[in-house]
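just need the structure, nothing else, for what follows:
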Amino acid sequence: MMLDNQFDNHFDDSEDVVVWRPIQYAMASHRRVLVVDDYREAADALQMLLNADGFECRALEDPHAVCEMASQWQPFAVVLDIKMPGLDGLELARRLRAHPSTAHMLLIACTAFASRDDRARARAVGFDAHCAKPLTPERLLRVLESAAALHAVGAP
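Reported below is the predicted structural model:
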């Protein structure tokens, strides 16, 4: 996992998880995570993994339901696939960042699109982190665990 606290344009193509924004900005006092992937089996598998690790996770395969669910349920993190029919993860990230009730959430792109340009586009629209598929679940869990731990001790 690479933590890019300098916010420069350095991308290490060998890393499957890159974090751009300090995770303490994802404000929450709970362990709710929303997973969005149009491939239902992938969403369900990640939901099971996160639930087993102590997160309260919901999975959606319909990208059109994401903004309403995120606004109402208030997860501290949203894990989004990028390529989805009708409404892609890049546009969803823009919409979540633009709405006051969801702008604070940790947004993680989880996608097979992992070139330098793909990562730059994800960062530009407001993603906090990028996870390349095939995903190494332990690395994603480390990012989420770190964010959840910060909130458990009252980090700003």
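
show me where pLDDT drops low in the chain?
For the chain, the stretches with pLDDT under 70 are 1-17, 20-29, 149-156.

any chance you could map the strands in it?
According to DSSP state E, the chain carries its strands in the segments 2-3, 17-19, 32-36, 56-60, 77-80, 106-111, 129-132.

CSV please, covering those and showing distance to Ser71 and mean neighbour count.
Where C-beta positions appear, they are placed from N, C-alpha and C, glycine not excepted. Formatted as CSV, the strands of the chain follow (distance: least, Cβ to Cβ, whole Å; neighbours: other Cβ atoms under 10 Å):
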stretch, distance to Ser71, mean neighbour count
strand 2-3, 28, 16
strand 17-19, 24, 23
strand 32-36, 11, 25
strand 56-60, 13, 19
strand 77-80, 11, 27
strand 106-111, 14, 26
strand 129-132, 21, 26
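
need those strands in CSV (columns: distance to Pro100).
Formatted as CSV, those follow (distance: least, Cβ to Cβ, whole Å):
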stretch, distance to Pro100
strand 2-3, 27
strand 17-19, 24
strand 32-36, 17
strand 56-60, 21
strand 77-80, 15
strand 106-111, 15
strand 129-132, 22
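
helices of this structure, residue ranges please.
Counting by DSSP state H, the chain has these helices, from start to end: 40-52, 66-73, 89-98, 116-125, 137-152.

to Arg31, which of the ones you listed lies closest?
Proximity to Arg31 (Cβ to Cβ) singles out helix 137-152 among the helices of the chain, at 5.0 Å.

send the alpha carbons of the closest one over as CSV?
Extracted C-alpha coordinates of helix 137-152, given in CSV (Å, rounded to 0.1, in the frame of the first residue of the first chain):
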residue,chain,number,x,y,z
PRO,A,137,-8.4,-7.9,0.2
GLU,A,138,-6.0,-7.5,3.0
ARG,A,139,-4.7,-4.2,1.7
LEU,A,140,-8.2,-2.8,1.3
LEU,A,141,-8.9,-4.0,4.8
ARG,A,142,-5.8,-2.2,6.1
VAL,A,143,-7.0,1.1,4.6
LEU,A,144,-10.5,0.7,6.1
GLU,A,145,-9.2,-0.5,9.5
SER,A,146,-6.8,2.4,9.7
ALA,A,147,-9.6,4.9,9.0
ALA,A,148,-12.0,3.2,11.5
ALA,A,149,-9.3,3.1,14.2
LEU,A,150,-8.7,6.8,13.8
HIS,A,151,-12.3,7.5,14.5
ALA,A,152,-12.4,5.1,17.4
